[in-house]
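Visitor: coords below, sequence missing:
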């Protein structure tokens, strides 16, 4: 069974661990501002210490680049620290216009005062503009102005405020323009076109979904104006210094920079003065224009330069010469910088891991974790403690034997505990809250109603498909990802669910792709029962020359015609027989017939695209499967005496079953990703294939349906053992 009674008791004792933390949310406050003559969106944003985009967000009637009309009333979002500022106490008996949520200006605390002597014809407005304070602030610190007009010779106290350190992320909308997404464009191609990083593109456009890379045709984006453009859209010519190399001619120089010889001389009169173009001359030439070639996923893939990368490491990693890379990316001539988005030829995708046209880095998670990150997990599994008689060992053993849900839960959780121990050894502290769902939808609903998910990085479970759906919908409101330990897919779109088990369709596709990659002239035969007729159609679409053998089925028996099967076998070529069924009697019969057919002149190998329980019955001869080199796709592989197994034995006193192995691999992978970056959705787009003791993970997002693990193994029986196929042709 894999877990003894002692193990079970230790696991159940761990269910009392309850570590859930919540974040406090700061309330948003607002005030209004009446626009004065000459004010701009940028100047108002500086006054209130907010970004221009935040002002635009709450004032939909104005757009970037609009000239603000005097007396327009704007809604200003405030930070609590600003709105909480207290006014100075009034010692004169007058009632000053103190700052409230509806005031026209933000009240600030001066650090000192300066004196101003009023001159003839000066106005309160003019003085306020001169010192960059409001008229209300002048009155607040010069109480006499509440009861008398401004007069020549008055000495006013002018507040001087601390310098506000400008936010380096503050954005001036005048530096940006609207961009409409065209067909086939991606985030990577647009970022490359505007010479920014994808992270910058998302930051400039908060409406973009951070959990996927989707762009809609016609979608409007805010992007920085390219160098050389003006408000009127006219090109401003930029110039560079150019040192003339040996043997350079005017003809080649004019061709290189796209201007005539006369224009070069006009820009550099010394050429005539010195009798022509000379080596070592420093010329003023127009900056080369980047080719206006359409950049999309049909002709390019993209790579974002990481910090500390060098030209040598980059070209070695991408498998491309620097001169070719420079030709595709002229900006490299100014130096390699982190955040650059480089384009590469589409044909390079065959040697690199590419997802959504972006080249993924090979990230070693063990070397990339940040110990300051503290992953917070919630585990929802049906331990069904309400039905266990913990004072009776025999009763507990019977419950485990009878309940698959309990067996799966104990296996998964015992492996997860070993994963948490392993993270602790790496210096990562994990917060976990484990809850028994009792295999009850009502219990899960009650749990979700009372639990605060704001501080949870991910949820593992539940096991039941229907309960998983409800949990996913509830958790989506808090942006919490769900990791489904045993589910491969759902009939609903669940965009926040990571389905950790590869689906049957993925397994089938990987099996057929593997067979295609190694096929030469083999004779392919398909044997399937009526339930798997659609699989036969899929196989014959992949291999049109494949022959099909009809299975004989009635209410009690299922078999094949031995003579018909023998006649389909070739003596010139190796025979590949694909057996698609979940009936163990058919598996036993066909494997026995094929085993008998093997001879000096007849070679036979057996495959399936779905190794289900029909292939695991005791009546099926392992010797027959081994002799046929039976080959199949698998979500996991056999595990030996590795570090996990040894650690599991030390903690629980027995060997792990496949559910404990899965629990360890799944949890260890999840925690390492969260220790690298707390946002699992963002990490999924950066990290490709990961592999551990017996399972591997390669999550791919499919629009709004969720994240699906496409990583599989190809396994075969050989010499009475099950072995993993590690051929380079197999995408493992």
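Guide: Right, received. Where do you want to start? Everything numeric in this text was worked out from a predicted model, so none of it was measured.

Visitor: low-scoring pLDDT stretches of the stretch 251-400 of the chain, where are they?
Guide: Scanning the stretch 251-400 of the chain with the threshold set as pLDDT under 70 gives 266, 269, 273, 288-298, 349-353, 355-356, 360-364, 386, 388-397, 399-400.

Visitor: Do a quick rundown of the strands in it.
Guide: 282-286, 300-304, 341-345, 354-355, 358-359, 376-381 (DSSP state E, counting those that start in this stretch).

Visitor: any idea which of the ones you listed is most buried?
Guide: The highest mean neighbour count among the strands of the stretch 251-400 of the chain, using mean count of other CB atoms under 10 Å, belongs to strand 376-381: a mean of 24. Where you see a C-beta, it was placed from the backbone N, CA and C, and this is true even at glycine.

Visitor: contact partners of that one?
Guide: Contact with strand 376-381 is made by 19-21, 409, 412-413, 416, 430-437, 444, 447, 451, 453, 455-463, 471, 667, 670-671, as judged by CB atoms under 8 Å, 6 or more residues apart in numbering.

Visitor: chain center to it: distance?
Guide: Distance of strand 376-381 from the chain centroid (CA atoms, centre = their mean, to the nearest Å) equals 21 Å.

Visitor: who does it pair up with?
Guide: In the sheet, strand 376-381 lines up against strand 431-436 (parallel), strand 458-460 (parallel) (DSSP bridges).

Visitor: and the last one, which residues are buried?
Guide: In terms of neighbour count (16 or more other CB atoms under 10 Å), strand 458-460 has its buried residues at 458-460.

Visitor: Stretch 471-491 now?
Guide: The neighbour-count check on stretch 471-491 (16+ other CB under 10 Å) flags 471-472, 474-476, 480-490 as buried.

Visitor: any idea how the protein splits into domains?
Guide: For the chain, whose domains are defined here by automatic domain parsing, the residue ranges read 29-160, 173-231+292-360, 239-286, 368-502+639-701, 504-634+719-724.

Visitor: from the buried residues of stretch 471-491, which is closest to residue 501?
Guide: Nearest to residue 501 out of the buried residues of stretch 471-491 is residue 488 (CB to CB; 4.3 Å).

Visitor: residue boundaries of the strands in the stretch 601-732 of the chain?
Guide: 604-607, 631-634, 690-691, 696-697, 699-701, 707-709, 713-718, 721-724.

Visitor: could you dump those strands to CSV with mean pLDDT and mean neighbour count?
Guide: As requested, those are exported to CSV (pLDDT from 0 to 100; neighbours: other CB atoms under 10 Å):
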stretch, mean pLDDT, mean neighbour count
strand 604-607, 97, 23
strand 631-634, 96, 22
strand 690-691, 89, 17
strand 696-697, 92, 22
strand 699-701, 87, 20
strand 707-709, 92, 23
strand 713-718, 94, 20
strand 721-724, 92, 14
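
Visitor: So which of those is nearest residue 214?
Guide: Of all the strands of the stretch 601-732 of the chain, strand 699-701 sits nearest to residue 214, with 8.9 Å by CB to CB.

Visitor: show me the contacts for residue 487.
Guide: Residue 487 neighbours (CB under 8 Å, 6+ apart): 463, 465, 468, 497, 499-501.

Visitor: how does it look with 7 Å?
Guide: 465, 468, 499, 501 (CB atoms under 7 Å, 6 or more residues apart in numbering).

Visitor: Which of those fall in strands?
Guide: Within the contacts of residue 487, residues falling in strands by DSSP state E are residue 499.

Visitor: With respect to burial, which of the domains of the chain scores highest?
Guide: Neighbour counts (mean count of other CB under 10 Å) averaged over each of the domains of the chain peak at domain 368-502+639-701, with a mean of 19.

Visitor: now do the same end-to-end measure for that domain.
Guide: With CA to CA, to the nearest Å as the measure, the ends of domain 368-502+639-701 fall 23 Å from one another.

Visitor: What average pLDDT does stretch 586-598 get?
Guide: Averaged across stretch 586-598, pLDDT comes to 95.

Visitor: One more: stretch 666-686?
Guide: For stretch 666-686, mean pLDDT rounds to 88.

Visitor: neighbouring contacts of it?
Guide: Outside stretch 666-686, the residues within contact range by CB under 7 Å, 6+ apart are 210-211, 213, 360, 363, 365-366, 368-370, 373, 375, 415-416, 419, 422-423, 428, 430, 457-458, 460, 481, 483, 485, 500, 687, 690, 692, 695, 697, 699, 701, 707.
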